[in-house]
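Engineer: Give me coordinates for this.
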Amino acid sequence: MELQRIQKPEGLNGTLLECEKSSGQEDGDPAAEVTPAEQVGFLSPNTSKKPSQFTDFEGKTSFGMSVFNLSNAIMGSGILGLAYAMSNTGIVLFIVLLICIALLSAYSIHLLLKCAGIVGIRAYEQLGLRAFGPGGKMVAAFIICLHNTGAMSSYLYIVKYELPLVIQTFLGLTENTESWYMNGNVLIVIVSICVVLPLALMKHLGYLGYTSGLSLTCMVFFLISVIYKKFQIPCPLNGTEATTPPTCYNGHNVSATSSAGEECKAQIFTLNSQTAYTIPILAFAFVCHPEVLPIYTELQRASKRRMQNVANVSILAMWIMYLLTAIFGYLTFYGRVESEMLHTYSQVDPLDRLILCVRLAVLVAVTLTVPVVLFPIRRAIQQLLFHGKDFSWGRHVGIAISLLVIVNLLVIFVPNIRDIFGVIGATSAPSLIFILPSIFYIRIVPSEKEPLRSRQKIQAACFAALGFIFMVVSLGFIVADWVTTGRSSSGGH
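Structural biologist: Presented below is the predicted three-dimensional model:
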């Protein structure tokens, strides 16, 4: 009885897909070309032996490896700025915002999976094609490429600036030298060729589950170190209040003679000029939507419920890590925490071996995340330029090399890329989390099943409106920050 109950809706969906296939072929719909191949192994994997048109529709990745890959896609450099975000909101407001963003991200994934289940398509760009035609496909692919290119660049920027410091500490050097191994630009090229490129050449995203597990292990070590340091670093930081000169934190001078009671007091709820940047920081920290459908593609025994469970477990795990990192980082430095938390630890003790190991762990984590982020960009390019063509190793390798060359050039030659990332993040993150999943859902779900005025579609419309508001507000605050201070204070993914 249970087996029949589960199989029935799949059969119904299969019937719907066949009808859409026939309709698409009659109307000349480009999406109809991919529908038969994408149905195989998705709704009825055991009823057809027809080989898949795409090489990544084999469904061999386990539930655990899928969780590792999606968690690694969620985890980004933004975790280093969460304690700073908490210092500008207070503990209670930060927790409320963190819960809201996590729930909204999970709901967004639900909309994507429901769209994919209705039309039998597990490619973000193809959902855009089915919803709005070629224009929708191009917009979706462009936003994915824009956001993930920015994310890859931000990770390599961490390598560029942190790896020379790690090498300098390991070699016991007291100051920077002109040696090639202390040149950040040279180091990112070496890391890209020796580490990132071999992983990016993997044929299937599922194979990166092992490196994703290692990356997450490094971030768990980072979290454990943050918790440990909370009980090792005294407050106030300098120990003696009268003899230490003022220190500059977060753009203003903090006098060493300030009251220790005020300096070491946690804020439960606070608002200031930097509070507005907390929502963008948190939203960017949960962007993983370009990776959701490729991971869904390779999931064993793929179903909407199973993939939603993968997403829920991943988001919950990252929510816990984000919360603990923010709380213990904030309770270590309070108002003195910097936007990049590792810099704050370095000011306390530049030669601390534990912090050196933490820096190394963060470098490993962000380096191993770059290939995971590269896969959706390559998939988007293939969907746009080489749709319907058989797999080619030459094309697979060529796209990966070209993307790494572009990202390396960005990191090397763009002098002030933080502002560019601020604009990219403020536009692509709300598009991927709020706007695109909502409008895809409204357009793809048949009106016979859910009328336009149904509760589900009204919720989706409100969700899209929230994304537009978020985009406008974020861009407004970034531009205002440029005008008043000449720099952007927002974090990236």
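
Engineer: By residue count, tell me the biggest helix in this protein.
Structural biologist: Ranked by residue count under DSSP state H, the longest helix found in the chain is helix 134-171.

Engineer: Would you mind pulling up the elements that the helix or strand that it is followed by packs against?
Structural biologist: Following helix 134-171 in sequence order, the next helix or strand is helix 184-191 (DSSP states H and E). The helices and strands touching helix 184-191, judged by 3 or more Cβ pairs under 8 Å, 6 or more residues apart in numbering; DSSP states H and E, are helix 134-171, helix 393-413. Where you see a C-beta, it was placed from the backbone N, CA and C, and this is true even at glycine.

Engineer: Tell me which of the ones you listed sits most buried.
Structural biologist: Among those, helix 134-171 has the highest mean neighbour count (mean count of other Cβ atoms under 10 Å), at a mean of 21.

Engineer: what's the span of stretch 376-393, first residue to last?
Structural biologist: End-to-end distance for stretch 376-393: 17 Å, by Cα to Cα, to the nearest Å.

Engineer: Could I get the buried residue list for that stretch?
Structural biologist: 376, 377, 378, 379, 380, 381, 382, 383, 384, 387 (16 or more other Cβ atoms under 10 Å).

Engineer: Does the fourth one touch residue 123 like I think?
Structural biologist: Right, residue 379. Yes - the pair residue 379 / residue 123 is scored as a contact, 6.8 Å apart, by Cβ atoms under 8 Å.

Engineer: who's in contact with residue 226?
Structural biologist: Each residue near residue 226 by Cβ atoms under 8 Å, 6 or more residues apart in numbering is listed here: 324, 325, 328, 329, 332, 341.

Engineer: From the residues you listed, keep the buried residues only.
Structural biologist: For the contacts of residue 226, buried by 16+ other Cβ under 10 Å: 325, 328, 329, 332, 341.

Engineer: Could you tell me which of those residues are located in strands?
Structural biologist: Using DSSP state E, no member of these falls within strands.

Engineer: ok, of these, which one's closest to residue 439?
Structural biologist: residue 325 (33.6 Å; Cβ to Cβ).

Engineer: roughly how far apart are residue 461 and residue 289?
Structural biologist: Using Cβ to Cβ, to the nearest Å, we find residue 461 at a distance of 19 Å from residue 289.

Engineer: got it, and residue 131?
Structural biologist: Residue 131 is 15 Å from residue 289, by Cβ to Cβ.

Engineer: Neighbour count: those two, which is higher?
Structural biologist: residue 289 (27 against 21; other Cβ atoms under 10 Å).

Engineer: My guess is that one contacts residue 124. True?
Structural biologist: Yes - with contact defined as Cβ under 8 Å, residue 289 reaches residue 124; the gap is 7.5 Å.

Engineer: got any ranges where the stretch 201-350 of the chain has weak pLDDT?
Structural biologist: Across the stretch 201-350 of the chain, the ranges flagged by pLDDT under 70 are 206-207, 236-262, 273, 276-277, 350.

Engineer: Show me where it has its helices.
Structural biologist: For the stretch 201-350 of the chain, the helices defined by DSSP state H, counting those that start in this stretch occupy 209-230, 260-263, 278-285, 289-298, 304-333, 341-348.

Engineer: possible to save those as JSON lines with distance to residue 112?
Structural biologist: Formatted as JSON lines, the helices of the stretch 201-350 of the chain follow (distance: least, Cβ to Cβ, whole Å):
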{"stretch": "helix 209-230", "distance to residue 112": "20"}
{"stretch": "helix 260-263", "distance to residue 112": "45"}
{"stretch": "helix 278-285", "distance to residue 112": "16"}
{"stretch": "helix 289-298", "distance to residue 112": "6"}
{"stretch": "helix 304-333", "distance to residue 112": "9"}
{"stretch": "helix 341-348", "distance to residue 112": "32"}
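
Engineer: quick one, which of the ones you listed is nearest to residue 95?
Structural biologist: helix 304-333 (6.9 Å).

Engineer: Which neighbours do residue 289 and residue 124 have in common?
Structural biologist: 112, 436.

Engineer: Distance from stretch 436-446 to the middle of the chain?
Structural biologist: Taking Cα atoms, centre = their mean, to the nearest Å, one finds the center of stretch 436-446 at 22 Å from the center of the full chain.

Engineer: Now tell me what touches it from outside.
Structural biologist: By Cβ under 8 Å, 6+ apart, the residues outside stretch 436-446 that reach it are 108-109, 111-112, 114-115, 118-119, 124, 127-128, 130-132, 140, 143, 289, 452, 456-457, 460-461, 463-464, 467.

Engineer: which of the residues in that stretch are buried?
Structural biologist: So stretch 436-446, judged by 16+ other Cβ under 10 Å, has buried residues 436, 437, 438, 439, 440, 441, 442, 443, 444, 445.

Engineer: which is the next helix or strand following the helix or strand in which the fourth one is found?
Structural biologist: Using DSSP H and E, residue 439 sits in helix 436-444. Scanning the chain past helix 436-444 towards its C-terminal end, the next helix or strand to appear is helix 455-485 (assignment: DSSP H and E).

Engineer: Would you mark the buried spots in that next one?
Structural biologist: Within helix 455-485, the residues that qualify as buried are 457, 460-461, 463-464, 466-467, 470-471, 474-475, 477-478, 481, counting by 16+ other Cβ under 10 Å.

Engineer: So which other helices or strands are in contact with it?
Structural biologist: helix 91-119, helix 278-285, helix 417-430, helix 436-444.

Engineer: in the longest one, what's buried?
Structural biologist: By neighbour count with 16+ other Cβ under 10 Å, helix 91-119 contains the buried residues 91, 93-94, 97-98, 101-102, 104-119.

Engineer: do stretch 279-299 as well
Structural biologist: For stretch 279-299, by 16+ other Cβ under 10 Å, it's 279-299.

Engineer: Dump the helix holding residue 439 to CSV, restricted to CA.
Structural biologist: Written as CSV, here are the backbone C-alpha positions of helix 436-444 (Å, rounded to 0.1, in the frame of the first residue of the first chain):
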residue,chain,number,x,y,z
LEU,A,436,13.9,34.0,-9.5
PRO,A,437,12.5,31.0,-7.5
SER,A,438,9.3,32.9,-6.8
ILE,A,439,8.6,34.1,-10.4
PHE,A,440,9.5,30.6,-11.7
TYR,A,441,7.0,29.1,-9.4
ILE,A,442,4.3,31.5,-10.4
ARG,A,443,4.8,30.9,-14.1
ILE,A,444,5.6,27.2,-14.1
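
Engineer: All set now, cheers.
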